[in-house]
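> I would like the atomic coordinates for the input below:
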Amino acid sequence: MTPPRIVLRPFHHHERGLLLETLNRLEVAQWLLATPFPFTPADADAMVAASRSGLVEGVSRRQAIARAEDDAMVGCATVRLQEAGGAMVGYWLMPEETGCGYASAAVRAMLADLFGSLGRSRVEAFIDAENARSEAVLRRCGFRPVERYDRDTPNRRGRTAIVRFEVMQP
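So this is what the prediction gives:
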């Protein structure tokens with residue numbers, strides 16, 4: 001068996017500055033649907049604290065995506081448990097860490113937990129309709145687009161089109 005490339009874990013307090021720096025980079029923030037921009041020190045403190053909480057239905061938990069070999073944070077994975085056996089996932093990577101397979105590994109790890117020990121039957125993800133990299137990650141992990149719609153308010157790039165992807169328990 002191949003050792004895991006990434007681990008999902010709570011954020012370390014010393015990563016607060018890296019969160020601030022990364023989430024205030026427009027090249028990252030432009031694709032995020034719910035993360036505040038600008039991202040403040042209070043937002044970073046809340047993210048670090050919340051990453052240590054358990055999963056509760058209706059509340060999002062964000063955790064660090066870290067390289068297994070050195071525990072260095074490369075991004076963030078978000079899970080939100082929903083009613084009726086569903087869940088939602090999200091993720092972002094630091095730009096210098098894209099193209100290494102970390103996002104796909106993180107999504108697969110989240111799906112394994114959600115379909116396994118958490119007993120979820122359906123998982124969805126929402127992305128900006130122009131986010132081709134994220135679409136490729138979701139498709140590699142078995143997601144399929146099921147709906148396209150416009151948000152009421154434009155995103156940071158002035159766009160409103162969102163695509164909802166879904167994967168069912170195998």
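
> which strands and helices sit next to the longest helix seen in the chain?
Longest helix in the chain by number of residues (criterion: DSSP state H): helix 102-115. Under the contact criterion of 3 or more C-beta pairs under 8 Å, 6 or more residues apart in numbering; DSSP states H and E, helix 102-115 touches strand 6-9, strand 60-67, strand 73-81, strand 86-93, strand 122-128, helix 132-140. Quick note: C-beta positions are derived from backbone N, CA and C, even for glycine.

> which one of the ones you listed lies nearest to Arg25?
strand 86-93 (10.3 Å; C-beta to C-beta).

> what about that closest one, distance to the chain center?
Centroid separation for strand 86-93 versus its chain: 4 Å, with C-alpha atoms, centre = their mean, to the nearest Å.

> show me what that strand pairs with in its sheet, parallel or antiparallel.
Taking DSSP bridges as the criterion, strand 86-93 forms sheet pairs with strand 73-81 (antiparallel), strand 122-128 (parallel).

> as a markdown table, the ones you listed with mean neighbour count would be great.
A markdown table is the format used below for those (neighbours: other C-beta atoms under 10 Å):
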| stretch | mean neighbour count |
| --- | --- |
| strand 73-81 | 21 |
| strand 122-128 | 20 |
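
> in TSV, list those along with mean pLDDT and distance to Asp43.
Listed next are these as TSV, based on pLDDT from 0 to 100; distance: least, C-beta to C-beta, whole Å:
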stretch	mean pLDDT	distance to Asp43
strand 73-81	96	12
strand 122-128	97	20
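
> flag the shaky bits of the protein, pLDDT-wise.
Residue ranges of the chain with pLDDT under 70: 1-3.

> any chance of the strands paired with strand 86-93 in TSV, plus distance to Arg144?
Conversion of those to TSV gives the following (distance: least, C-beta to C-beta, whole Å):
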stretch	distance to Arg144
strand 73-81	20
strand 122-128	11
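
> setting aside sequence neighbours, what's the nearest residue to the most centrally placed residue in the chain?
When C-alpha atoms, centre = their mean is applied to the chain, the residue found nearest the centroid is Tyr91 (1.8 Å). Of all residues not flanking Tyr91 in the chain, Ala77 sits nearest, at 5.0 Å (C-beta to C-beta, 6 or more residues apart in numbering).

> distance of the one you found relative to Met168?
Spatial separation of Ala77 from Met168 under the definition C-beta to C-beta, to the nearest Å is 20 Å.

> which strands and helices sit next to the strand or helix carrying Ala44?
Following DSSP states H and E, one finds Ala44 within helix 41-50. Where contact means 3+ C-beta pairs under 8 Å, 6+ apart, helix 41-50 is packed against helix 16-23, strand 60-67.
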